[in-house]
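Peer 1: The amino acid sequence is not available; the structure is as follows:
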C-alpha cells in the first residue's frame, strides 16, 4: 500500500491534516494513551529500573502504551505483568496526567499485588518492592512517576478520592 | 512521501505492526481519546442534537476527539465551545469509559457553564438546556452518553467522588 500525502483542511474539519492525494485517506494523528499503576504489596511499592530508552537506567512504576482493542484497566495490568512479572488487581484510577507537549495522556491506576511474587520483565533491568523511604527520588525516570507516587501517598488507605490531574504546569 | 508496508513483529516488540519495507518506519496504531463534558447551568444539562454521522439526529453531551498538543481538560472545553458555543469551567473527571471494540477511551468531565449563553455549533442540529426529566432517554446517540448522564446524577452536588468507569460490559 502506498500513500502520497499533502497537508490540507478536509471538508467539515477545521485543522490541517495529511490527506492522500490518490485515495483521499486522511491520516488523523491523535494523542497516545499511556497506562500504568502504582502497585503495592503490604507497605511496599513495586518499582522497575528501565532497560530501554528513554530514561534507561532510571526508575519507574510499570507503564506503557495502551494497545488497540484493550481497556485501560487491562492495559495497566498487562504492563505490570510485562515489566515486573506481577499479577495485580486494579483498585481505582489514581490520576490522569495530560502531557500536551508530547501529545500523551497518562492514566495511572492504584493496584494491589495478588502475591509478593514479581520478576524482571524484558524492558526492565531490575525490579524491587520498596518502602516509601527507600524510593530513589533522585533517580526517577519521568516527572509523572514522581507525581503518581506522591498522589498515591496522599490517598494511601483511603477508599474514595477524586482522581488527580497534573499537580503543576508541565 | 510514500510507504510500502508489510506486517511484521518489530525487534523488541511482541505484536505485529505495519512496517515500511523501504524506510523502516513503524505505523503504531493506538486507541483514540474522546473528551466530553456533562455541562450544567443551575439545574439544567446542556444537550446537543448531532448534525453528523454517526447517530445523526440523536442527542449527546458535547464530546469529540482530543487533538494533538492539547490537554484533556482543554479538549473538553474546546468541544463544548465547538458543538454548543458555550464557555465552561471543568470541575472534575466524572468518568473514563473504555470501548476496546472500537479502540476508544472516553473521558467525561463534569463542567459548570459560566453563563446561560449557548448556541448551535457546526456539528449540531439543535442545542438545549434541559432538566433531568426532560432528557430524551430514547433518543440518546451513544450508550456512553446514557452512562455519563446517570453517573452525573449519582454524584450531583457532591464535591469528592471516585471517577466512574464502565458500569456494565460493552
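Peer 2: All right, it came through fine. All values reported here derive from a predicted model rather than from experimental measurement. Residues are numbered from 1 along each chain as shown, chains lettered A, B, ... in the order given.
Peer 1: quick one, strands of chain A?
Peer 2: Taking DSSP state E, the strands of chain A run over residues A:5-8, A:17-20, A:26-27, A:32-41, A:44-50, A:59-60, A:63-65, A:88-99, A:104-113, A:124-130.
Peer 1: Mean pLDDT added to those strands, as TSV?
Peer 2: TSV is the format used below for these (pLDDT from 0 to 100):
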stretch	mean pLDDT
strand A:5-8	90
strand A:17-20	89
strand A:26-27	85
strand A:32-41	98
strand A:44-50	98
strand A:59-60	98
strand A:63-65	97
strand A:88-99	97
strand A:104-113	98
strand A:124-130	98
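Peer 1: closest to residue B:166 out of these?
Peer 2: Smallest distance to residue B:166 across the strands of chain A (C-beta to C-beta): 12.0 Å, for strand A:88-99. Heads up, the C-betas are built off the backbone N, CA and C, glycines and all.
Peer 1: Mind splitting chain A into its structural domains?
Peer 2: Chain A breaks down by automatic domain parsing into domains covering A:1-29, A:32-155.
Peer 1: deepest of the ones you listed, which one?
Peer 2: Compared across the domains of chain A, domain A:32-155 shows the largest average neighbour count, a mean of 19 (mean count of other C-beta atoms under 10 Å in any protein chain shown).
Peer 1: Point out the one among the domains of chain A that comes closest to chain B.
Peer 2: Evaluated with C-beta to the nearest C-beta, the domains of chain A place domain A:32-155 nearest to chain B, the distance being 3.5 Å.
Peer 1: Quick one: check that closest one for contact with chain B.
Peer 2: Yes. Domain A:32-155 reaches chain B (C-beta under 8 Å from any C-beta of the partner chain) through A:32-33, A:52, A:65-74, A:82, A:92-93, A:96, A:98, A:100-101, A:103, A:105, A:107, A:122.
Peer 1: returning to that earlier point: distance to residue B:4 for the domains of chain A - can I get that in TSV?
Peer 2: What follows is those, written out as TSV (distance: least, C-beta to C-beta, whole Å):
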stretch	distance to residue B:4
domain A:1-29	6
domain A:32-155	22
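Peer 1: Could you point out which of the ones you listed sits nearest residue B:86?
Peer 2: Across the domains of chain A, residue B:86 has its closest neighbour in domain A:1-29 (17.5 Å, C-beta to C-beta).
Peer 1: Distance-wise, check the closest residue to residue A:117 other than its chain neighbours relative to residue B:65.
Peer 2: Nearest residue to residue A:117, sequence neighbours excluded (C-beta to C-beta, 6 or more residues apart in numbering or on different chains): residue A:86, at 6.5 Å. Between residue A:86 and residue B:65 the distance is 34 Å, computed by C-beta to C-beta, to the nearest Å.
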